[in-house]
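S.K.: Any chance you could fold what I've pasted below:
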Amino acid sequence: MTNLTLKITGMSCAACSGGIERALNALPEVTAAVNLTTERATISYDEAAYSPEDFIAKIEKLGFGAAIPAAKSEDNDDKAKQKTIRIMRAKFIACAVFAFPLLYIAMVPMISLVKLPFYGELLDMMTNYPMYYALAQLVLVIPCMGIGYKFYTVGFKAIFRLRPNMDSLIAVGTLAAFSYSLYSIYQIYHMNFHAVHALYFESAGVIITLILLGKTLTEVSKGKTSKAIKTLMNLAPKTATLLVDGTEREVAIEDVNPGDTLLIKPGSSVPVDAVVVSGGSAVDESMLTGESLPIDKAKGDRVFAATINTNGILTVKAEKVGADTALAQIIKLVEDAQGSKAPIAALADKVSGMFVPIVCGIALLSGIAWLVATKDITFALTIFISVLVIACPCALGLATPTAIMVGTGKGAEKGILFKSGAALETAHKINVVVFDKTGTITTGHPVLVRHDVDLKTVASLERYSNHPVAKAVVNAYDGDYYEVQDFKEIVGQGVRGTIDGALIEISRGQVYKDGKPIGSFTVEDTEKPTSKEAIGKLHDMGIKTVMITGDSKAAAEEIAARVGIDEVYAEVLPGDKADIVKSLKTSNSAPPQVVVAMVGDGINDAVALTTADVGMAIGSGTDVAMESADIVLMHSELTDVAAAITLSRRTIRNIKQNLFWAFGYNVIGIPVAAGILHLFGGPLLSPMIAAAAMSLSSVSVLLNALRLGRGKK
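M.R.: Modelled structure (predicted):
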């Protein structure tokens, strides 16, 4: 078996990626995952049975483009994505320029309570010059439909291939409204001036405009997916100081080979994974391990690429370079996690697969049946258009995007940034939340929590050191200092000095006077004030809480006990965090499905954030964490984790309500429009009433979605 990655173009929704995935997985001995966001297909196959060209041909046969990504094509991909975003933005603006006056012309004469500008003129035009009024709307809607032509080309191709998607939904819906409006113009031309009230050009124009806005936002979201990986790559220094026969020489990082001797000065980044051969220092490994305290390094200890040398000089021997470094492995894990994340199909996409062809079939069969029965073409056409119009899935097409737009907007207002509609949709199913410790549950800054020694004595020495433990002690002390003589800091051990003739030695927690212990102090990374409240809220929602940290087991369990965490994994390496998240996701094969959220703030959390079903990054954390996550909590408050899940639950409930409204009219109206009641002497649903019902369903959906924005909690 071998793996292949293909770049796919032309996907517009989850139905597209789902269709490609199903088609590829239907092939013997092939396992495929298609990611809509990254526009990539990851395929595992038997290279003896298939070649890459076979899969490319298969995908192209489905109506999409496919190619093997070129080496180092990231810049080209970025340029292409930026061009796509510019085009989509321009299309939306151009469409809005025509749609706004179209909506204004169509709606102002209907609003009599508030006399808007040009109310009298538009009402007079509609009443006395209905043909001009109708043609004005026709002239404005044609550019909108022209700008959105891809909805029709892609949507109808999908229908012809028996795989309707969201574009199919938009195409059928707007074309039905447009067609009926053309029919109304035909009636006006034949002196039926009342038909001027049955113009629904604005429905087609406004829906295309709103969908273009949604597509633009989606493209912007897609364009950001590679930023996390780029940021990780930029962490590694571009040069290294190479020692050759005692002479320093700056070289490009690509020219460093295993076995080379390198010099790492204070404040500089470690260029490669290496072993210390001489010197001593404290190295900040927080980007790798998540730990806020620098780790003391001496001869024989390992250091890793992109970690920071804080206060000493190190001479190291290069061990792993390039793609073999720990940082490079993290980058690969993030790439793999992003590529394997399954796309989440919107509810409307799932429904449209059955709804669109059924409605079209009913409309066509009803029209043909009445034509055969009555021999009246006008009557049959009325039935055909009535069914299409009342079943017009405009409300169905609006049900999901409007609720998601309002939900994401409400989240942004409260400092909760959902980076995609998929994240908002998935979050409602979360039943396990995994937390990083340092900087997430805790403050990320060490503080003095206990001491049984004279703090003035300790602070008097520690004020001369830059070590984080020393800073924590000095920050906790507020007073004057003893005079210190012969101060010396021993890297990796502690500080010493003479106070009033006595030798005081501090070995990072233990204090000695003339060689005898006189007390100790403890510095810890303490929990945030709201951490316990946040965990309690999640428990009230029936959600299990887990903490994963690279810290010691004792320290981790103490923090977990104080805030109420259910389960703890301690002394965990960055790559293992993702493995634990994976194991939690597959820990229960029976319903309910385990849906895992990961909450973190550091680079070391990036892989786990992308591996989880939903990644949540603390706003005060690193750019990599925020780019890897699906949701960013800008206020850095853990209570926002529960708030994000609650908002997601409300939004999904709203979407389901919208779908109910959208289908309610159709379920009742389609049989009536098809003439079922007329068969038994009952009334015939006119296209005008059908159009009014269709319009009312769209209004109901929009008003219901807007309710989401009224909540204050």
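S.K.: Tell me how many other residues surround residue 39.
M.R.: 22 (other C-beta atoms under 10 Å). (Each C-beta comes from the backbone N, C-alpha and C, glycine too.)
S.K.: and the one helix or strand residue 579 maps to, which residues are buried?
M.R.: Secondary structure from DSSP states H and E places residue 579 in helix 574-585. Of all the residues in helix 574-585, those buried under the rule 16 or more other C-beta atoms under 10 Å are 574, 577, 578, 580, 581, 584, 585.
S.K.: export those residues to CSV and tack on pLDDT and distance to residue 293?
M.R.: Output for these, formatted as CSV (pLDDT from 0 to 100; distance: C-beta to C-beta, whole Å):
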residue, pLDDT, distance to residue 293
574, 69, 17
577, 87, 19
578, 88, 24
580, 92, 23
581, 91, 25
584, 90, 28
585, 87, 31
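S.K.: can you redo the residues you listed as CSV with distance to residue 611?
M.R.: Output for those, formatted as CSV (distance: C-beta to C-beta, whole Å):
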residue, distance to residue 611
574, 11
577, 8
578, 4
580, 9
581, 5
584, 10
585, 8
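S.K.: Just name the closest of those residues to residue 162, please.
M.R.: residue 585 (33.4 Å; C-beta to C-beta).
S.K.: hmm, back to that, and the two most separated of the buried residues of helix 574-585?
M.R.: 574 and 585 (17.9 Å).
S.K.: ok, residue 281 touching residue 309?
M.R.: Yes - the pair residue 281 and residue 309 qualifies as a contact (C-beta atoms under 8 Å) at a distance of 5.3 Å.
S.K.: residues shared between the contacts of those two?
M.R.: By C-beta atoms under 8 Å, 6 or more residues apart in numbering, residue 281 and residue 309 have these common neighbours: 264, 266.
S.K.: Residue 500 and residue 484, how far apart?
M.R.: 10 Å (C-beta to C-beta, to the nearest Å).
S.K.: If you count surrounding residues, which of these two has more?
M.R.: Ranked by neighbour count (other C-beta under 10 Å), residue 500 and residue 484 place residue 484 first, with 18 against 10.
S.K.: Assign a three-state SS to the closest residue to that one other than its chain neighbours, would you?
M.R.: Among residues not flanking residue 484 along the chain, residue 497 sits closest, at 4.3 Å (C-beta to C-beta, 6 or more residues apart in numbering). Following DSSP: H, G, I helix; E, B strand; the rest coil, we place residue 497 in the strand state.
S.K.: Kindly report the same for residue 654.
M.R.: Strictly by three-state DSSP, residue 654 counts as helix.
S.K.: That one contacts residue 705, doesn't it?
M.R.: Yes - Residue 654 lies in contact with residue 705 (C-beta under 8 Å); the separation is 6.2 Å.
S.K.: joint contacts of the two?
M.R.: 403, 406.
S.K.: Now for the residue nearest the centre of the chain: which residues touch it?
M.R.: Geometric centre of the chain, nearest residue: residue 630, 3.2 Å, by C-alpha atoms, centre = their mean. Going by C-beta under 8 Å, 6+ apart, residue 630 touches 418, 419, 420, 422, 423, 426, 427, 609, 614, 615, 616.
S.K.: Tell me who's in contact with residue 67.
M.R.: 6, 7, 56.
S.K.: Distance of it relative to residue 362?
M.R.: 41 Å.
S.K.: again, but for residue 183
M.R.: Distance from residue 183 to residue 362, by C-beta to C-beta: 18 Å.
S.K.: Check residue 244 too.
M.R.: 81 Å.
S.K.: who's more crowded, these two?
M.R.: Taking other C-beta under 10 Å, residue 244 and residue 362 do not tie; residue 362 has more neighbours (18 against 10).
S.K.: That one - nearest residue in space that isn't next to it in sequence?
M.R.: Residue 362 sits nearest to residue 387 (C-beta to C-beta, 6+ apart), 5.7 Å away.
S.K.: Over to residue 157?
M.R.: residue 63 (5.7 Å).
S.K.: Could you count how many residues lie near residue 524?
M.R.: Neighbours of residue 524 (other C-beta under 10 Å): 16.
S.K.: Can you tell me, leaving aside adjacent residues, what's nearest to it?
M.R.: In space, residue 524 is closest to residue 449, 4.8 Å off (C-beta to C-beta, 6+ apart).
S.K.: Confirm the one you found sits in a strand?
M.R.: Yes - per three-state DSSP, residue 449 lies within a strand segment.
S.K.: Contact partners for it?
M.R.: So residue 449 contacts 522, 523, 524, 526 (C-beta under 8 Å, 6+ apart).
S.K.: Residue 660 versus the residue sitting furthest away from the middle of the chain, what's the distance?
M.R.: Distance from the C-alpha centroid of the chain, by C-alpha atoms, centre = their mean, peaks at residue 501 (62.3 Å). Here the criterion is C-beta to C-beta. By it, residue 501 lies 85 Å from residue 660.
S.K.: now swap in residue 24 and tell me
M.R.: Counting by C-beta to C-beta, the gap from residue 24 to residue 660 is 35 Å.
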